[in-house]
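Asker: Okay, sequence plus prediction incoming.
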Amino acid sequence: MAPTTDALTYVPGGRFVNGHAMTLLTWARRRTFPRLPAAEPRIFDVAPGARVLAHCHWQPSRASHPTLLLLHGLEGSSEAHYVRGIAEKAIGAGFNVVRLNQRNCGGTEHLCDTLYHSGLTGDPVAVLRELEEKDGLAAFAVAGYSLGGNLALKLAGEFGDQVPASLQAICAVSPTMDLERCVRALERRSNFAYQWNFVRNLRRRMRRKAALFPDRFTLAPLSRIRTVREFDEVYTAPHFGFANASDYYYRASALRVVDRIRVPTLILTAADDPFVPPEPFSDPAVTGNPHITVRVSAHGGHCAFIGSPADDADAYWAERAIVRFASEHCHG
């Protein structure tokens, strides 16, 4: 049963209606999570020479509860505020929660000698398989924000008709599912602050990787890199065998495979998102797929969607919508 219209109608709260203002507010706003219990760290071997760190929250008799796998955005981590916010709500709704770090994220550069990219779905798939085979978990939802939203959608699309019965719901907030279009939007002058922040963090990460694996990575071109596209052209694309950045963006974008999604899927995004344009969400591959529910609100910024605190102390509407959707479709 699909969520009610009211549950998927976003109403901005407070004075921060502008997309830039809301995005920057959610980046800067401090949050606390008093109902989030301590997590159990766990290392997953996802590929030869590649390991990732997750922070897990288990219900009593974990195998009898559904599990929510959470995927963060570019240069984020399992400690991102929206990851912990969803986790707190999901635990209260009876889910196990696995907060997954992508390769090298969350201080894990030492766990693998590779980089990561926006379409590396093999890692979360390996985590899901281990949880099913070793832990006996039988029902999963996957939710991601931004780059993590692209991963969640691409993961589901790649399964196509072969989707495992255990994968029962997908949720994506502000997903970068058309990477080329998103990178072009990021290059607008009005988005300088976002681009600068991403590039600063990417450069820092490359310095840490080069210190750990000096034979694999060179820092020679790093000082010349000023944009995400330049970083991907110099590092990401050649490292993973893509012809160039544009080839990487095309092949890593979920938009190529969303028509093949066969899992109940929720996409939430905003028309005023500074660097995730709304046009891809009206693509027939999205709107023509009966398994996908898509909502493009007028406001909400990038991964923000701060609403009224009337029924939730922190007012993060998208987090509530994710847990509600997953609860309706995912059963342990």
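Answerer: Sure thing, it's come through.

Asker: Just confirm Arg205 contacts Arg103, I think it does.
Answerer: No - between Arg205 and Arg103 there is no contact under C-beta atoms under 8 Å: 10.5 Å. For glycine as for every other residue, the C-beta is placed from the backbone atoms N, C-alpha and C.

Asker: Could you check which of the two is surrounded by more residues?
Answerer: Arg103 (21 against 18; other C-beta atoms under 10 Å).

Asker: ok, now which ones touch the more buried one?
Answerer: Residues counted as contacts of Arg103 (C-beta atoms under 8 Å, 6 or more residues apart in numbering) are 46, 50, 52, 111-112, 114-116, 120, 123.

Asker: Selection in PyMOL covering whichever of those are buried, please.
Answerer: Here is the PyMOL selection string for the buried members of the contacts of Arg103, based on 16 or more other C-beta atoms under 10 Å:
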select buried, resi 46+50+52+111+112+114+115+116+120+123
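
Asker: In strands, which of the contacts of Arg103 appear?
Answerer: 46, 50, 52 (DSSP state E).

Asker: residues touching the second one, list them.
Answerer: By C-beta under 8 Å, 6+ apart, Ala50 lies in contact with 103, 111-114, 123.

Asker: Among those, which one lies nearest to Trp58?
Answerer: Checking these against Trp58 by C-beta to C-beta gives Asp123 as the nearest, at 20.9 Å.

Asker: Identify the residue nearest that closest one in space, chain neighbours excluded?
Answerer: Spatial nearest neighbour of Asp123, excluding adjacent residues (C-beta to C-beta, 6 or more residues apart in numbering): Val46 at 4.3 Å.

Asker: what are the ranges of the strands in the chain?
Answerer: Using DSSP E, strands in the chain cover 40-47, 50-57, 67-71, 96-100, 140-145, 167-173, 265-270, 292-297.

Asker: Can you show me the helices along the stretch 151-300 of the chain?
Answerer: Under the criterion DSSP state H, counting those that start in this stretch, the stretch 151-300 of the chain carries helices at the ranges 179-186, 192-212, 228-231, 237-239, 245-252, 284-287.

Asker: Mind putting those into a markdown table with mean pLDDT and distance to His329?
Answerer: Formatted as a markdown table, the helices of the stretch 151-300 of the chain follow (pLDDT from 0 to 100; distance: least, C-beta to C-beta, whole Å):
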| stretch | mean pLDDT | distance to His329 |
| --- | --- | --- |
| helix 179-186 | 98 | 27 |
| helix 192-212 | 96 | 32 |
| helix 228-231 | 98 | 34 |
| helix 237-239 | 97 | 36 |
| helix 245-252 | 98 | 26 |
| helix 284-287 | 98 | 18 |
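
Asker: out of these, which comes closest to Glu40?
Answerer: Distances from Glu40 to each of the helices of the stretch 151-300 of the chain were compared using C-beta to C-beta; the minimum, 25.4 Å, belongs to helix 192-212.

Asker: now the closest one, how far from the centre of its chain.
Answerer: 19 Å (C-alpha atoms, centre = their mean, to the nearest Å).

Asker: do the same with stretch 83-99
Answerer: 15 Å.

Asker: Could you list the buried residues of that stretch?
Answerer: Neighbour count says stretch 83-99 has 83-91, 95-99 buried, by 16+ other C-beta under 10 Å.

Asker: nearest spatial neighbour of Ser246, skipping sequence neighbours?
Answerer: Glu180 (6.4 Å).

Asker: Now do the same contact list for the one you found.
Answerer: So Glu180 contacts 246, 249-250, 253 (C-beta under 8 Å, 6+ apart).

Asker: Dump these into JSON lines; add neighbour count and distance to Asp161 as well.
Answerer: Formatted as JSON lines, the contacts of Glu180 follow (neighbours: other C-beta atoms under 10 Å; distance: C-beta to C-beta, whole Å):
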{"residue": "Ser246", "neighbour count": "16", "distance to Asp161": "30"}
{"residue": "Tyr249", "neighbour count": "25", "distance to Asp161": "26"}
{"residue": "Tyr250", "neighbour count": "16", "distance to Asp161": "23"}
{"residue": "Ser253", "neighbour count": "24", "distance to Asp161": "21"}
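
Asker: tell me the two of the buried residues of stretch 83-99 that are most distant?
Answerer: Applying C-beta to C-beta across the buried residues of stretch 83-99, the maximum distance is between Gly85 and Asn96, 16.7 Å.
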